[in-house]
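K.L.:
Sequence first, predicted coordinates after that:
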Amino acid sequence: MDFELDETQQAIAELAGKILEEQVSEASLRELEQDECFRHPRAWQELARAGLLGVAIAEKHGGMGGSLIDLCTLLQQVGRCVAPVPVLANLGYGALAVQRFGTDEQKKRLLPGVADGSLLLTGALEEDHNDEPLKAVCDAIAEGAGYVISGQKFNVPLADEASRIVVACSDEDGRPVLLLLDPGARGVELTRNMSTHGEPVFRIDLRSVQVSS
């Protein structure tokens, strides 16, 4: 098997690496820590300006139309530079799910903003004592044109900033369902915690929250 990066992936790695090396310094990280800021705004803006936040988003929605490997190439550079930018949560947990499973309306409404850096998404997958998102304890009961969801999710990044959260649930028959949650909806309670890497994550309590399908 060939594990070499292709030309596009090499270009992504070089461009992302250059941007992050220029923007993320030890001094800037210390300043962010003192201000209790967990995102590097300048690095985020530059990644968006370069089109890299749309690396795995379809061209018709403002992205580059790349693959999961292209996104992993970007993530590798983020990790190499220890850059506090929410690429994994926004693109990996949020945008990829919307692109794969969302409706046409959801894609048109959300993905262009992810690609240009103006909108944040995230995903709520983790549950207490359950490491299988496809068998979520969080339940989704069909009601009208949508669902009513109840349960708890843990360690959700960006929950207080995201426009929508992709929530893994199970329907009445135990089948997996992915739903887009408005974190400001009635019945949603966010509890802030700190992760081992120093960034905030949230427990989400869902109490009969109405969500459109």
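P.N.:
Nice, thanks for sending it over.
K.L.:
contacts, neighbours, all on C-alpha from now
P.N.:
OK.
K.L.:
I'd say Lys107 and Leu96 touch.
P.N.:
No - counting by C-alpha atoms under 8 Å, Lys107 does not reach Leu96; the two are 10.3 Å apart.
K.L.:
residue boundaries of the helices in the chain?
P.N.:
7-23, 26-34, 41-49, 68-80, 87, 96-101, 104-116 (DSSP state H).
K.L.:
most packed of these?
P.N.:
The highest average neighbour count among the helices of the chain, using mean count of other C-alpha atoms under 10 Å, belongs to helix 87 at a mean of 22.
K.L.:
So for that helix, mean pLDDT?
P.N.:
Mean pLDDT, helix 87: 96.
K.L.:
how big is the angle separating the lowest-mean-pLDDT helix or strand in the chain from helix 7-23?
P.N.:
For the chain, counting by mean pLDDT, DSSP states H and E, helix 26-34 ranks last in confidence among helices and strands (a mean of 82). On the basis of axes from the mean of the first three to the mean of the last three C-alpha atoms, to 10 degrees, helix 26-34 is oriented at 70 degrees to helix 7-23.
K.L.:
What are the contacting residues of helix 26-34?
P.N.:
38-40 (C-alpha atoms under 8 Å, 6 or more residues apart in numbering).
K.L.:
one more time with 7 Å, if that's ok
P.N.:
Phe38 (C-alpha atoms under 7 Å, 6 or more residues apart in numbering).
K.L.:
Over to stretch 116-126?
P.N.:
So stretch 116-126 is in contact with 48, 53, 89-90, 93-95, 113-114, 133, 153-159, 161-168, going by C-alpha under 7 Å, 6+ apart.
K.L.:
so where is this protein shaky, pLDDT-wise?
P.N.:
In the predicted model, the chain carries pLDDT under 70 at residues 1-2, 35.
K.L.:
Let's see that with 90 instead.
P.N.:
1-6, 25-40, 131-134, 145, 194-200, 212-213 (pLDDT under 90).
K.L.:
how far away is Ile149 from Ala89?
P.N.:
22 Å (C-alpha to C-alpha, to the nearest Å).
K.L.:
The two: which has the busier surroundings?
P.N.:
Neighbour count, other C-alpha atoms under 10 Å: between Ile149 and Ala89, Ile149 has more, with 25 against 21.
K.L.:
In the beta-sheet assignment, what are the partners of that one?
P.N.:
The bridge-partner assignment for Ile149, based on DSSP bridges, gives Ala140, Val209.
K.L.:
can I assume it is in contact with Asp139?
P.N.:
Yes - Ile149 lies in contact with Asp139 (C-alpha atoms under 7 Å); the separation is 5.5 Å.
K.L.:
that older thread, by how many degrees do the least confident helix or strand of the chain and helix 41-49 diverge?
P.N.:
If you take the same axes, to 10 degrees, helix 26-34 sits at 110 degrees to helix 41-49.
K.L.:
Good, we can wrap up now.
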